[in-house]
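quick one, what's the 3D model for this:
(one chain, ligands or ions: 1)
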Amino acid sequence: MNVALAHPLPVPDATASSHGTPPARYKIVPARHPARMLGTTIAALVLAAIAMSVLGNPRWGWPVFASWFLSEPVIVGLGRTLLLTALGTLLGSTLGLTIALARMSGAPLLKAVAFGYVWLFRSIPLIVLLLLLNNLGYLYATISLGIPLTDITIASWSTTALISPFAAAVIGLTLNQAAFSSEVIRGGILAVDHGQREAAAALGLPRWRQASGIILPQAMRSILPAGFNDVIGLAKGTSVVYILALPELFYTVQVIYRRNLDVVPLLMVATVWYFVILTALSLVQRRIERHFARGAAGTAARVRSRPHSSTPHSSTTATARLPLPAVQGGAVVIERVSKSYGDNRVLADVSLSAAPGSVTVIIGQSGSGKSTLLRTINHLERVDEGYITIDGGLIGYRVQADLLFELPEAEILRRRTDVGMVFQSFNLFPHLTVMQNVVEAPIHARGVPRARAEAEARDLLARVGLSDKIDAYPRHLSGGQQQRVAIARALALRPKVLLFDEPTSALDPELVGEVLDVIKELARSGATLVIVTHEMGFAREIADTVVFMDQGRIVETGSPARVFENPREARTAEFLSKVR
Ligand SMILES: Nc1ncnc2c1ncn2[C@@H]1O[C@H](COP(=O)(O)OP(=O)(O)OP(=O)(O)O)[C@@H](O)[C@H]1O
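Below you'll find the predicted structure:
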């Protein structure tokens, strides 16, 4: 197709170039924006007018302002404002976090109490709360510590002596701040993708580490903007405590201007100090936000080349170059397992076993229960009936007589480290580098020293062809590379069994091969693999046993040659005819 240029470029002067002059070069002149220029001029004029009026009008009283700005009473008042802001922020956020966690807990009474707290303290105006606390001595002459419903008292204090105006201010600001910050924190936690929780749980990370290392750092990105709004509100809101006659910044300037009647200059003293506080808080916010933005969209890639000594250079599409380390696979036995979601019976009396080092591939149409079955193996899903063992040991239960007692969460997490899991959507931790993703579970779930965990991780990453991506964040990798990191992360725990939940479904077709190659390599390494996949060619090539599921039941199992060539069941034949 020929496209005519509206303004054809002049042909460089042939005579000029024949005389050795360089071909025509064009200087780029940026487009003019008359409206922008007009707006800028108006804004500059308005700012100049404001500055002239503020500096030129003697009634602003700038000399008086200057004489009080750094005076001792103002600085003492400022110190009190800062102290109240710091204590209100610290205690309020700590209490807010506790309330947010209580509100998201599984305990109905805890949830109700947390909900009631937020409802109550968001409803009460801060000024009323402060006055109530200041008058607590009228309601309760003493505050006692003892055993409820008995006469036993351990200690007792006079309320007025215990709750000074300063204490009332700190308690009031904390209670108020906690009610608002708990909702901000809860919102941030809920914003973290569910897959992150699943991946952390599948790696067997202890609960405290799941919260502090995986969930909260990601939640902080949503918490910080709204949280800092609350802190800024608190810094300004401390001026409310003037009703307790507590000489913070605002009360102090009030006391001074009532004496000397220089109202405006002294109000300006307080205003400028609030400007300073808020500017400092905004700068702190920017720094903290930048810290928690690691690995997020818009952050620069931090990929340093760090070749591994025993690894050939790997390209972005490289597959495993070295054999994966030999693994001692475990035996999986699934015995009469059933599971329902409400009325939906997702697994119905499923029994299956996988020998150590074998590769079992589960196929079936969407919704047939494949993923649910896979997730019951590492107890990510609880079963309603039946049980599952790995090398004869139960993961989620302990047996006593004919009863299975569900184990405490910490014990389940510990046992889960025997089973690695690779998810369809990778579920890498986005705020951690590739190296940090891989060493997270060995260090925090298995207690491996960091240096050893890092050496092993480097080796594993080399074997999946990713030596040069050790310092990259997941966002800066292709889907295939992310999935190979996820495989290395699962392998780092040296699990007896590896579960793959549609490991290539989220990948572009050209990236599928590099992931399948690593899984094939794994199949030769002695690990026991259980794979849910829609890749029939891959299933046929890699599987020792193919399992076909339909409506929560295993319809048939057998070698790939038998199931794919001579399916015994009509349902299997029908499914295969559709996917071939
Ligand atoms: N958390 C859940 N709550 C309620 N129902 C669920 C839940 N998880 C799965 N299900 C239901 O269980 C059934 C089986 O789902 P499952 O994900 O195991 O199927 P699948 O065979 O793996 O499907 P696909 O190939 O599409 O992933 C579906 O009907 C699904 O809607």
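
okay, helices next: where are they in the stretch 301-450 of the chain?
The residue ranges that make up the helices of the stretch 301-450 of the chain, judged by DSSP state H, counting those that start in this stretch, are 370-377, 409-416, 434-444, 450-463.

what does the second one contact?
Residues lying outside helix 409-416 but in contact with it, judged by C-beta atoms under 8 Å, 6 or more residues apart in numbering, are 201-207, 378-379, 393, 395-396, 407, 445. (Glycine included, C-beta is placed from N, CA and C.)

out of those, which sit inside strands?
Gly393 (DSSP state E).

of the contacts of helix 409-416, which pair is most distant in space?
Within those, two members stand farthest from each other by C-beta to C-beta: Arg207 and Gly393, at 21.7 Å.

hang on, the earlier thing: the contacts of helix 409-416, buried ones only, as a ChimeraX selection?
If you want just the buried ones from the contacts of helix 409-416 in ChimeraX, going by 16 or more other C-beta atoms under 10 Å, the selection is:
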select :201,202,203,204,205,206,378,379,395,396,407,445
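
alpha carbons of stretch 420-436, in PDB - could you do that?
Written as PDB, here are the backbone C-alpha positions of stretch 420-436 (Å, rounded to 0.1, in the frame of the first residue of the first chain):
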ATOM      1  CA  GLY A 420       5.700 -29.000  46.900                       C
ATOM      2  CA  MET A 421       3.100 -27.300  44.800                       C
ATOM      3  CA  VAL A 422       3.200 -25.400  41.500                       C
ATOM      4  CA  PHE A 423       0.200 -23.300  40.700                       C
ATOM      5  CA  GLN A 424      -1.400 -22.300  37.400                       C
ATOM      6  CA  SER A 425      -0.800 -18.600  38.000                       C
ATOM      7  CA  PHE A 426       2.700 -19.100  39.500                       C
ATOM      8  CA  ASN A 427       1.900 -17.200  42.700                       C
ATOM      9  CA  LEU A 428       5.400 -16.000  43.100                       C
ATOM     10  CA  PHE A 429       5.800 -13.300  45.800                       C
ATOM     11  CA  PRO A 430       6.000 -10.100  43.800                       C
ATOM     12  CA  HIS A 431       7.800  -8.100  46.500                       C
ATOM     13  CA  LEU A 432      10.600 -10.600  46.700                       C
ATOM     14  CA  THR A 433      13.400 -11.200  44.200                       C
ATOM     15  CA  VAL A 434      13.800 -14.500  42.500                       C
ATOM     16  CA  MET A 435      16.400 -15.500  45.000                       C
ATOM     17  CA  GLN A 436      14.300 -14.400  48.000                       C
END
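
make 278 the starting number, not 1.
OK, 278 is where the count begins now, so the last one is stretch 697-713.

is that stretch in proximity to the ligand?
No: shown here: stretch 697-713 not in contact with the ligand (C-beta under 6 Å from any ligand atom), separated by at least 7.7 Å.

mean confidence (pLDDT) on that stretch, please.
Throughout stretch 697-713, pLDDT has a mean value of 93.

same deal with stretch 314-327?
What stretch 314-327 shows for mean pLDDT is 94.

list the buried residues in it.
Taking 16+ other C-beta under 10 Å as the neighbour-count basis, stretch 314-327 is seen to contain no buried residue.

relative to Val715, which of the contacts of helix 686-693 is nearest.
When the contacts of helix 686-693 are compared for distance to Val715 (C-beta to C-beta), Leu480 wins out at 10.4 Å.

OK, contacts around that closest one?
Listed by C-beta under 8 Å, 6+ apart, the contact set of Leu480 reads Arg693, Thr694, Glu717, Ala718, Ala722, Arg766, Ala767, Leu770.

hmm, 10 Å instead?
The neighbours of Leu480, taking C-beta atoms under 10 Å, 6 or more residues apart in numbering as the test, are 486-487, 491, 690, 693-694, 697-698, 704, 706, 714, 717-719, 721-723, 766-767, 769-770, 772.

dihedrals phi and psi, it?
According to degrees, to the nearest 10, the main-chain angles of Leu480 amount to phi -80, psi 0.

for Arg692, grab the count of nearby residues.
Neighbours of Arg692 under the rule other C-beta atoms under 10 Å: 18.

hmm, I typed the wrong one, I wanted Val331.
Val331 has 11 neighbouring residues, counting by other C-beta under 10 Å.

immediately after the helix or strand encompassing it, which helix or strand?
Val331 is located in helix 311-333, with elements delineated by DSSP states H and E. Beyond helix 311-333 on the C-terminal side, the first helix or strand identified by DSSP H and E is helix 339-346.

if you compare the directions of that next one and helix 311-333, what angle comes out?
Helix 339-346 and helix 311-333 meet at an angle of 80 degrees, taking axes from the mean of the first three to the mean of the last three C-alpha atoms, to 10 degrees as the criterion.

about what we covered before: tell me which of the helices of the stretch 578-727 of the chain lies nearest to Met329.
Counting by C-beta to C-beta, Met329 lies closest to helix 711-721 out of the helices of the stretch 578-727 of the chain; the figure is 55.7 Å.

just to revisit the earlier point, and the contacts of the helix holding Val331?
Applying C-beta under 10 Å, 6+ apart, the contact partners of helix 311-333 are His310, Trp337, Trp339, Met545.
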